[in-house]
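sequence unknown, structure follows:
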């Protein structure tokens, strides 16, 4: 049987090292103590953040290939990050964080997920592998998010595909989410009752499996962030998730193996419909809840300041 592109991801998830743990945190610090313990528990030593890196992923300007551009232009945002001209650039400089923006072929339109898969399995796996590049600078804390809001509709569809229930609970565009999930379920049902093939045996009684939901409904940004989360987990690097797309990426991995995101926290509660529900469903305690609507790493960098303070307080 030949390997399928997702098999590499499954192999990584089947062999996750346990966190080193065992760090003493003085009592009385409340949730600051929890945060310091989380950082220290992954390094196995006194909690400190020396090399924080923010990785922001930019997906297609034409999200669904229908000529409808999102309200935010990813190409302009990539250039603004490169020029150090964004709010996140200023915050990163102030907190000593590295800030990297990754271009996921912003000029190549996406596909309409109501009609067809967002990505092939090969493309999805390659995008996850590209996301893993965020670990190249060897951060001791990785902050993951997106540039612009183009991935939020895909994120809502992924959440609806994973957890079911009314699409309005998950998406600012419930009609798109509903149609995309219905298409996926119809295709999965056809697949089960159609000719069987040896290697398609995963999760069939429960509909499409999590990586197929990612490939079918998720944008490139969500796939890249999922790859970065997995790479960080295998290297024992704690992760702050910024924005709804990052939470959707974590949700896909939780559905595969809950241990895959035990190194993650939500930086904040995004102001996107479904975000608070998704954080609660995943049990990811948010560091902050400041009603931030802006993606682009602002929430993660605000949370980083709190985490650095927590590490100092814990000594």
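Structure received. For clarity, every value in this text was computed on a predicted model and none was experimentally measured.

In contact with residue 65, which residues?
By C-beta atoms under 8 Å, 6 or more residues apart in numbering, the contact set of residue 65 is 109-112. C-beta: built from backbone N, CA, C; applies to glycine.

neighbour-wise, which of those residues leads?
residue 110 (22 neighbours; other C-beta atoms under 10 Å).

now the contacts of residue 65 in TSV, with pLDDT and secondary structure?
Formatted as TSV, the contacts of residue 65 follow (pLDDT from 0 to 100; DSSP: H, G, I helix; E, B strand; the rest coil):
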residue	pLDDT	secondary structure
109	94	coil
110	95	coil
111	96	coil
112	96	coil
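
Enumerate residues external to stretch 176-184 that contact any of its residues.
64, 113-115, 153, 156-157, 160-161, 167, 170-171, 207-208, 212-213, 216-217.

and if you look at stretch 230-240?
With C-beta under 8 Å, 6+ apart, stretch 230-240 has contacts from 9, 12-13, 16-17, 19-20, 38-39, 42-43, 128, 131-132, 134-135, 139-144, 228-229, 253, 259-267, 287, 300, 303-304, 307.

Buried ones among those?
9, 12-13, 16, 19, 38-39, 42-43, 128, 131-132, 134-135, 139-144, 228-229, 253, 260-267, 287, 300, 303-304, 307 (16 or more other C-beta atoms under 10 Å).

What is the neighbour count of the closest residue to residue 281 other than its chain neighbours?
Of all residues not flanking residue 281 in the chain, residue 163 sits nearest, at 6.3 Å (C-beta to C-beta, 6 or more residues apart in numbering). Residues near residue 163, counting by other C-beta under 10 Å, number 16.

who's in contact with residue 163?
Residues counted as contacts of residue 163 (C-beta under 8 Å, 6+ apart) are 170, 251, 281.

Tell me if I'm right that the first one and residue 272 touch.
No: applying C-beta atoms under 8 Å as the test, residue 170 and residue 272 come out as separate, 9.5 Å apart.

higher neighbour count, these two?
Using other C-beta under 10 Å, the more surrounded residue of residue 170 and residue 272 is residue 170, with 30 against 22.

which ones are touching the more buried one?
156-157, 159-160, 163, 177, 273-274, 277-278.

Tell me where the model's unsure across the stretch 51-200 of the chain.
70, 193-200 (pLDDT under 70).

Could I get the full set of helices for it?
74-82, 87-95, 121-131, 152-163, 174-193 (DSSP state H, counting those that start in this stretch).

Same list (these) but as a markdown table, adding distance to residue 224.
Shown next, in a markdown table, are the helices of the stretch 51-200 of the chain (distance: least, C-beta to C-beta, whole Å):
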| stretch | distance to residue 224 |
| --- | --- |
| helix 74-82 | 13 |
| helix 87-95 | 17 |
| helix 121-131 | 3 |
| helix 152-163 | 12 |
| helix 174-193 | 20 |
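
Can you tell me which of the ones you listed is packed in deepest?
helix 152-163 (a mean of 28; mean count of other C-beta atoms under 10 Å).

tell me, what residue is most central in this protein?
residue 246 (2.5 Å; C-alpha atoms, centre = their mean).

wouldn't residue 43 be in contact with residue 141 here?
No: Residue 43 lies out of contact with residue 141 (C-beta under 8 Å); the separation is 9.6 Å.

any idea how far the residue nearest to residue 132 when sequence neighbours are not counted is from residue 210?
Using C-beta to C-beta, 6+ apart and skipping residues adjacent in sequence, the residue nearest residue 132 is residue 231, 3.9 Å away. Here the criterion is C-beta to C-beta, to the nearest Å. By it, residue 231 lies 18 Å from residue 210.

ditto for residue 158
Residue 158 is 9 Å from residue 210, by C-beta to C-beta.

what sits in contact with each of the two?
Joint contacts of residue 158 and residue 210 (C-beta under 8 Å, 6+ apart) are residue 252.

neighbours around the residue nearest to residue 132, how many?
With other C-beta under 10 Å as criterion, residue 231 counts 21.

Which parts of the stretch 1-150 of the chain are strands?
Using DSSP state E, counting those that start in this stretch, the strands of the stretch 1-150 of the chain run over 52-58, 98-103, 141-146.

on contacts alone, who are the packing partners of the first one?
This points to strand 52-58. With contacts taken as 3 or more C-beta pairs under 8 Å, 6 or more residues apart in numbering; DSSP states H and E, strand 52-58 sits against helix 74-82, helix 87-95, strand 98-103, strand 141-146, helix 220-235, helix 298-314.

just so I know, which of those lies nearest residue 32?
helix 298-314 (4.1 Å; C-beta to C-beta).

With distance to residue 103 as extra columns, can I get the contacts of residue 170 in TSV?
Formatted as TSV, those follow (distance: C-beta to C-beta, whole Å):
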residue	distance to residue 103
156	24
157	23
159	25
160	28
163	31
177	26
273	28
274	27
277	31
278	26
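
Count residues in the vicinity of the nearest residue to residue 13 once chain neighbours are set aside, would you?
Of all residues not flanking residue 13 in the chain, residue 257 sits nearest, at 4.9 Å (C-beta to C-beta, 6+ apart). Neighbourhood size, residue 257 [other C-beta under 10 Å]: 17.
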